[in-house]
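K.L.:
the following block contains a protein sequence and its predicted model.
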Amino acid sequence: VQLVESGGGSVEAGASLRLSCTASILTVSSAYMAWFRQAHGSEREGVAAIDRDDSTTYADSVKGRFTISKDSAKNTLYLDMHNLQPDDTAMYYCAGRRSPWFTALSAGTYAYWGQGTQVTVS
């Protein structure tokens, strides 16, 4: 397995969670990393992305509530989520690629994917 997510769970609205993604095939400091989510019956959507120079991109729906970051020493990607709402309920996936692309939150441009971690907000 190349990317392994953890940190999901079931929480009440207004709570916070931190998702982690440990990489074994990529070096997060030099890769282009992102978080996606997929709710039941919906398409996968981009949530947040971070470039090799630490530039970040967020979906409008999570701006001001979610923060993407990385720890080079641990080769780990994070997603800090605050003020979670029921609409945030989804399977969250970590993704990575070695090269830049025109769009940061296009799922089809990422070659490496984790198996996902479930976030449920009630």
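P.N.:
Right, received. Where do you want to start?
K.L.:
grab the most central residue of the protein for me.
P.N.:
For the chain, residue 35 is the residue whose C-alpha lies nearest the centre (CA atoms, centre = their mean; 2.0 Å).
K.L.:
do you know the pLDDT at that one?
P.N.:
For residue 35, the pLDDT comes out at 98.
K.L.:
now do the same contact list for residue 66.
P.N.:
Residue 66 is in contact with 47, 48, 58, 79, 80, 81, 82, counting by CB atoms under 8 Å, 6 or more residues apart in numbering. Yep, even glycine has a C-beta here, placed from its N, CA and C like the rest.
K.L.:
let's see 6 Å
P.N.:
Shown in contact with residue 66 (CB atoms under 6 Å, 6 or more residues apart in numbering): 48, 81.
K.L.:
low pLDDT regions in the protein?
P.N.:
Low-confidence segments of the chain, defined by pLDDT under 70, span residues 1.
K.L.:
how about the helices in it?
P.N.:
In the chain, no helices are defined using DSSP state H.
K.L.:
buried set for stretch 111-122?
P.N.:
By 16 or more other CB atoms under 10 Å, the buried positions in stretch 111-122 come out as 112, 113, 114, 116, 117, 119, 121.
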